[in-house]
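Trainee: predicted structure and sequence below. I'll ask about it afterward.
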Amino acid sequence: MDDIKPVLPDTTQVDFAEELTQARQDLQNAEGKIMQLELALLQSRDFAIGAAAEAGEAPAYRAMYVESQKQLGDIKAHLAHIQRLEAALNDALKMESTNKNLHRQINDLKTSATWRIGRVVLTPLRVIKRIIR
C-alpha cells in the first residue's frame, strides 16, 4: 500500500474540469457534424424529389420538344422561302437594269440619222405592202 500516493483535491478537480471541458467540446463537435449530416440529408431528399418530379414530367417535356422541333422545321422552311424571294428580287433588279439599258440603246438607235433616213425611204414601201394585203 505504499504505492498509493495521496491525491490532492485541487488536482483532481482540475483534471475533472479539463475532462469536462474536453467532453463539452467533443459534444459540440458531434452536434455540428450531426447538423451537417442532417442538412446533407435534406438536400439529397430535395434533389431526389426534384428528380422524381422531372421524371414524371418527362412525357410533357418530350411533347414540348417534338413541338419545338416541328416549329424549327417550319422556321427553316420560311427562311429558305425568304432566301428564294430575295434571290428572285435581285434577279428582277438586274433584269430591270438590263431592260433600261436596252431601252436607252433603242432610243439612241431611233434618233440616229441612219434610222431616220431609212424610215423616210421605206415608209412608202410599207404603205404599198399594206394595200396589197
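Mentor: Structure's in. What do you need?

Trainee: in which helix or strand does residue 105 reside?
Mentor: helix 9-110 (DSSP states H and E).

Trainee: packing partners of that helix?
Mentor: With contacts defined as 3 or more C-beta pairs under 8 Å, 6 or more residues apart in numbering; DSSP states H and E, helix 9-110 has no helix or strand neighbours. Bear in mind the C-beta positions are built from the backbone N, C-alpha and C, glycine included.

Trainee: rounded mean pLDDT for that helix, please.
Mentor: When the per-residue pLDDT values of helix 9-110 are averaged, the result is 86.

Trainee: after it, which helix or strand is next?
Mentor: Counting by DSSP H and E, the next helix or strand C-terminal to helix 9-110 is helix 113-132.

Trainee: next, the angle helix 9-110 makes with that next one.
Mentor: For helix 113-132 against helix 9-110, the angle between stretch directions is 70 degrees (axes from the mean of the first three to the mean of the last three C-alpha atoms, to 10 degrees).

Trainee: need the pLDDT of residue 114.
Mentor: Residue 114 carries a pLDDT score of 90 in this model.

Trainee: what is the burial count for it?
Mentor: Number of residues near residue 114 (other C-beta atoms under 10 Å) recorded here: 8.

Trainee: kindly report the same for residue 117.
Mentor: The burial metric for residue 117, expressed as a neighbour count using other C-beta under 10 Å, is 10.

Trainee: cool, residue 49 as well?
Mentor: That count, for residue 49 with other C-beta under 10 Å as the rule, works out to 10.

Trainee: also residue 115?
Mentor: Residues within reach of residue 115, counting by other C-beta under 10 Å, total 13.

Trainee: gap between it and residue 106?
Mentor: Separation of residue 115 from residue 106 (C-beta to C-beta, to the nearest Å): 10 Å.

Trainee: with residue 60 instead?
Mentor: Following C-beta to C-beta, the distance that separates residue 60 from residue 106 is 68 Å.
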